[in-house]
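no letters, just coordinates:
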């Protein structure tokens, strides 16, 4: 899951980005509404955390522009204003929920999970492949009853492929989806993380080739065991 944090207070932004990164989300930050708009016209995100009072373009204006453009991405509004008029204004602009500053990061995380579940009602809450299961609500991965101790990037890789079926992704596409645009490493990093993920899958008893290489193109999720002919 990729989240854009739009907050002009760098101290608050840094705390949110660090917390969400530790929770296995891919996170990017913008410090004003116009910078966020520029990013949203180029990159795809699963959710936006949006401050109201910002330079260049305020959060209400940005929210309205996104909805007018037809973007249904979940938006969690962050505001220091707690009057009923302010809350109604944010919701009427198209926000899905709001948090009043100051707030606890744990509450923010719970609201994010709720909004992401609401936006994914057509998907299975727990992602599975044979005996492998990934629970996005707890960020835990099991093979049978054995938990897999994955690193944050290994978890994000596995979730990414489980959510995208048999679609093939190049290394460049994987970098775009799972790394911040400010921290994009070399494409060889993708290969290294996939190798590490495969090794942990194998050590847990799972097939190491769940993510298979499509030579010359990239990687994809292997056909599910129940879908293979007997």
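Sure thing, it's come through. Model, not experiment: these values are computed from the prediction.

other residues contacting the longest helix anywhere in the chain?
Ranked by residue count and defined by DSSP state H, the top helix of the chain is helix 188-203. Residues outside helix 188-203 that contact it (C-beta atoms under 8 Å, 6 or more residues apart in numbering) are 132, 143, 148-151, 153-154, 157-158, 171, 174-175, 207-211, 219. For every residue, glycine as well, the C-beta is placed using N, CA and C.

10 Å instead?
By C-beta atoms under 10 Å, 6 or more residues apart in numbering, the residues outside helix 188-203 that reach it are 132, 141, 143, 146, 148-151, 153-158, 161, 169-175, 178-179, 185-186, 206-213, 218-219.

show me what counts as buried in the following helix or strand past it.
Using DSSP states H and E, the helix or strand that follows helix 188-203 in sequence is strand 211-214. Neighbour-count burial for strand 211-214 flags 211, 212 (criterion: 16 or more other C-beta atoms under 10 Å).

now for the helix or strand just after strand 211-214, which elements pack on it?
Per DSSP H and E, strand 211-214 leads on to strand 218-221 as the next helix or strand towards the C-terminus. Counting contacts by 3 or more C-beta pairs under 10 Å, 6 or more residues apart in numbering; DSSP states H and E, strand 218-221 is packed against helix 152-163, helix 171-178, helix 188-203, strand 211-214.

now do the strands in the chain.
All strands of the chain, identified by DSSP state E, fall at 2-6, 26-30, 47-51, 75-79, 97-100, 127-129, 132-135, 140-143, 146-147, 211-214, 218-221.

would you list those in CSV and tack on distance to residue 59?
Listed next are the strands of the chain as CSV, based on distance: least, C-beta to C-beta, whole Å:
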stretch, distance to residue 59
strand 2-6, 7
strand 26-30, 11
strand 47-51, 5
strand 75-79, 6
strand 97-100, 10
strand 127-129, 32
strand 132-135, 32
strand 140-143, 33
strand 146-147, 39
strand 211-214, 38
strand 218-221, 37
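
any chance of these in JSON lines with mean pLDDT and distance to residue 17 as columns?
Below are the strands of the chain laid out as JSON lines (pLDDT from 0 to 100; distance: least, C-beta to C-beta, whole Å):
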{"stretch": "strand 2-6", "mean pLDDT": "92", "distance to residue 17": "6"}
{"stretch": "strand 26-30", "mean pLDDT": "89", "distance to residue 17": "5"}
{"stretch": "strand 47-51", "mean pLDDT": "94", "distance to residue 17": "10"}
{"stretch": "strand 75-79", "mean pLDDT": "91", "distance to residue 17": "13"}
{"stretch": "strand 97-100", "mean pLDDT": "88", "distance to residue 17": "16"}
{"stretch": "strand 127-129", "mean pLDDT": "87", "distance to residue 17": "25"}
{"stretch": "strand 132-135", "mean pLDDT": "88", "distance to residue 17": "23"}
{"stretch": "strand 140-143", "mean pLDDT": "89", "distance to residue 17": "23"}
{"stretch": "strand 146-147", "mean pLDDT": "89", "distance to residue 17": "27"}
{"stretch": "strand 211-214", "mean pLDDT": "92", "distance to residue 17": "27"}
{"stretch": "strand 218-221", "mean pLDDT": "92", "distance to residue 17": "27"}
